[in-house]
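Participant: Test case, fold it:
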Amino acid sequence: MKVCDVDRMYDRMETTQCNYDNMLKRLLRKKQFSNFVITYYSIALIIYSLTAEFFPEQFNEKLSSYFNIILSIVVLTYSLIITNANYSERIDSARSVLNQIKMKKRELTEKNIEEIRSGYDQIMLKAEYRSDIDFFRTDRKSTRLNSSHT
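Facilitator: Next up, the predicted model:
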């Protein structure tokens with residue numbers, strides 16, 4: 001194999017690594033935001049209930065019941081969405097792919113390029129496909145890096 005093949009494979013793994021780094025960051029942000037939303041609406045649900053109970057002359061009890069029902073539906077729906085999104089599992093999977101690619105990249109030489117390419121392909125067959133925004137961020141980052149070197 002030629003050195004340019006090794007360089008191309010290295011660049012390919014570098015791009016993949018950057019894509020999965022961006023995916024990991026995106027999933028972590030979504031998980032944190034989702035947890036914040038559930039916590040916020042749950043606290044609001046409790047506050048509306050307590051306010052109507054302890055300050056009935058200053059807070060309309062029927063209005064409180066209405067908001068409790070609405071917030072309960074929001075919390076339930078959002079909880080189901082979060083559960084189905086499997087953020088924790090997807091974060092672990094993206095982190096695993098990222099670490100495996102880093103390891104393959106460090107092991108890459110002219111002598112083992114076919115073995116590394118095969119291992120890389122096996123990793124990618126099992127990996128979640130990155131979103132367009134992850135690729136956009138990777139492309140933007142590489143464009144910035146390349147423009148600063150010229």
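Participant: Please compute how far stretch 104-112 lies from its chain's middle.
Facilitator: 28 Å (Cα atoms, centre = their mean, to the nearest Å).
Participant: pLDDT (mean, whole number) over it?
Facilitator: Mean per-residue pLDDT for stretch 104-112: 92.
Participant: And stretch 45-58, by the same measure?
Facilitator: Rounded mean pLDDT across stretch 45-58 is 86.
Participant: Which other helices and strands does the stretch of helix or strand residue 73 belongs to contact?
Facilitator: Assessed by DSSP states H and E, residue 73 sits inside helix 61-85. For helix 61-85, the elements it packs on are helix 3-54, judged by 3 or more Cβ pairs under 8 Å, 6 or more residues apart in numbering; DSSP states H and E. Where you see a C-beta, it was placed from the backbone N, CA and C, and this is true even at glycine.
Participant: tell me the angle the helix it packs on makes with helix 61-85.
Facilitator: 160 degrees (axes from the mean of the first three to the mean of the last three Cα atoms, to 10 degrees).
Participant: Residues touching the helix holding residue 73, excluding its own?
Facilitator: Under the contact criterion Cβ atoms under 8 Å, 6 or more residues apart in numbering, helix 61-85 has outside partners 30, 34-35, 37-38, 41-42, 44-45, 48-49, 51-52.
Participant: go on, stretch 32-43?
Facilitator: With Cβ under 8 Å, 6+ apart, stretch 32-43 has contacts from 71, 74, 75, 78, 79, 81, 82, 85, 87.
Participant: now, which of these sits nearest residue 15?
Facilitator: Nearest to residue 15 out of the contacts of stretch 32-43 is residue 87 (Cβ to Cβ; 24.1 Å).
Participant: what's the distance between the closest one and residue 80?
Facilitator: Separation of residue 87 from residue 80 (Cβ to Cβ, to the nearest Å): 13 Å.
Participant: Ok, residue 96 next?
Facilitator: Residue 96 is 26 Å from residue 80, by Cβ to Cβ.
Participant: the more surrounded of those two?
Facilitator: Taking other Cβ atoms under 10 Å, residue 96 and residue 80 do not tie; residue 96 has more neighbours (14 against 10).
Participant: what helix or strand does the more buried one sit in?
Facilitator: Per DSSP H and E: helix 87-107 holds residue 96.
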